[in-house]
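Trainee: Mind folding the following:
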Amino acid sequence: MSKLPTVSISDRTRRLITTILLLSTFVSLASQTMMVTALPVIQHDLHVSLNAAQWLTTGYTLIIGIVTPLSSNMYDKFTNRHVFLSIIGTFIVGTLLGCFATNFFTLLLARLIQASASGMLMSFQMTTMISIYPIEKRGSILGLSSLVISAGPAIGPTLAGFILQVLPWRWLFILVLPFMALAWIGAYFKLANFSQPRDIKIDYLSVLISLIGSGLTLGSLTAFQENVWLGLAMLVVGLAVIAVFVKRQLHLTNPMLKVQIFKYSSFRLMTTVGIFAFMVLLGTEQLLPIFTENVTHTGSFVSGLILLPGAVCNAIAASIVGRLYDQYGPKWLIITGGVIMLLASIPLVTISRDSSLWILTVAYAIRMIGNACVFSPALSAAFADLSRAENSHGTALNNTLRQVFGAVSVTMLVVIAGIPASLITGIRIAMCVTVLLVILMMLAFARYLIKQKH
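Mentor: Predicted coordinates:
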């Protein structure tokens, strides 16, 4: 996407492109987590085990992690218009399949097709928004992007809980379809072709190695829950294959993924800060419904509603923080966000059977405000030293690592919560781990400040 001539794009065109991209990305990310609430219903309706049903969410995350690294070459080899129409078209195919699914395997295939499009869409959205806006507006624009990245998954379970109160689970696909169809039609008639494809040769061996390495590494997260030794073997082999992939990219003239950008301390350290913030976000989002449904025996719909104020606060804060970043930079925003996240942790690490749902709702909302103060500036600062030619590789790496470590966070915290005999004790320990993640996040940011000072 380095070919984008921002001066030739009018403000009206930018706003239109931004609307289409944010709408489609929000819908795809909300779809990703809608299935969390629907799993018990689908398990009963299609007569499958809960372990099998969980692949509707686990498989989605796996495919996103596998597909996203492939996206950088797509942006260089094809025009932005062709890439976007293909991505949304693929998502529509998966959604249509889900609307008519009559058995579990068809439904799983529908979810995996959706995920392959969703992984590409996240990177496409970020790369395009970075490229079509001037650099002085990058904070505001990536603030909107981080708003969607955070709010979409957070709102998904609540939205699905509301839908499932009155409609069968297939409506989780049916209601998504018109929004994606509208995005495709709008893009077909209005999306300008503002990039020129480059005649690059795709290294298919790199593609194969990437698929094997990321597949084994991400698959190990699920395998660990069934068989520790199998999970460990998959993890070790997967990491070894990824090491081979990285070494190969360093020696290619046109790498599939330009891993050399990790030499920029701003990208490396601020991507790390963003990863820790995302791990805390997803981990807390997963632990609270486990507590409310299994300890206080609150219904899935009310459990989803507990997360809703946090999602709204995060969305509002992200839009404000983006503009503040453009004026003041990341330093005090991230420090403030880290302090807010730590203060909001007090009711969470002392959680008990008598904990008020209102207090937990407020604590989660405050933590989400702190998360927005960190995540959006970290995302913007990560791209500060990248050239336009490196943007697509940066977004692919950033999104891949965030998804992988997000999945690690959820799996790790759920496993930790289940180790003690008392679930309440387990959740307290898991919440303490999220506090440790916040501290590690702040240490990574302190390292960034030291690098910037020198």
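Trainee: and the residue lying closest to residue 374 once chain neighbours are set aside, how many neighbours?
Mentor: If you skip the residues right next to it in sequence, residue 374 has residue 337 as its closest partner in space, 3.8 Å away by Cβ to Cβ, 6 or more residues apart in numbering. No exception for glycine: its C-beta is placed from N, CA and C like everyone else's. Other residues near residue 337 come to 30 when the count uses other Cβ atoms under 10 Å.
Trainee: buried stuff in the strand or helix carrying residue 337?
Mentor: With elements delineated by DSSP states H and E, residue 337 resides in helix 331-344, which encompasses its position. With burial defined by 16 or more other Cβ atoms under 10 Å, the residues of helix 331-344 counted as buried are 333, 334, 335, 337, 338, 340, 341, 344.
Trainee: what comes into contact with the host helix or strand of residue 247?
Mentor: Counting by DSSP H and E, the element that carries residue 247 is helix 228-251. If you take Cβ atoms under 8 Å, 6 or more residues apart in numbering as the criterion, helix 228-251 is touched by 203, 205-206, 209-210, 212-225, 255-260.
Trainee: Show me just the buried residues among those residues.
Mentor: For those, a neighbour count by 16+ other Cβ under 10 Å gives the buried set as 203, 206, 209-210, 212-224, 255-259.
Trainee: any idea whether residue 192 is helix, strand or coil?
Mentor: Classification of residue 192 into helix, strand or coil gives coil, according to DSSP: H, G, I helix; E, B strand; the rest coil.
Trainee: if we can go back for a sec, give me the subset of the buried ones among the contacts of helix 228-251 lying in strands.
Mentor: Judged by DSSP state E, strands contain none of the buried ones among the contacts of helix 228-251.
Trainee: List the ones among the residues you listed that fall in helices.
Mentor: In this view, those that belong to helices under DSSP state H are 206, 209-210, 212-224.
Trainee: So residue 80 sits against residue 128, correct?
Mentor: Yes. In terms of Cβ atoms under 8 Å, residue 80 counts as a neighbour of residue 128; the distance is 6.4 Å.
Trainee: out of the ones in helices among the buried ones among the contacts of helix 228-251, what pair is the most spread apart?
Mentor: When those are compared pair by pair using Cβ to Cβ, the two farthest from each other are 206 and 224, 27.3 Å apart.
Trainee: Setting the sequence-adjacent residues aside, check what's closest to residue 417.
Mentor: residue 426 (3.9 Å).
Trainee: Please, which helix or strand holds the one you found?
Mentor: With elements taken from DSSP H and E, the one containing residue 426 is helix 423-453.
Trainee: okay, the angle between that helix and helix 331-344?
Mentor: Taking axes from the mean of the first three to the mean of the last three Cα atoms, to 10 degrees, one finds helix 423-453 and helix 331-344 inclined to each other by 170 degrees.
Trainee: Thank you, goodbye.
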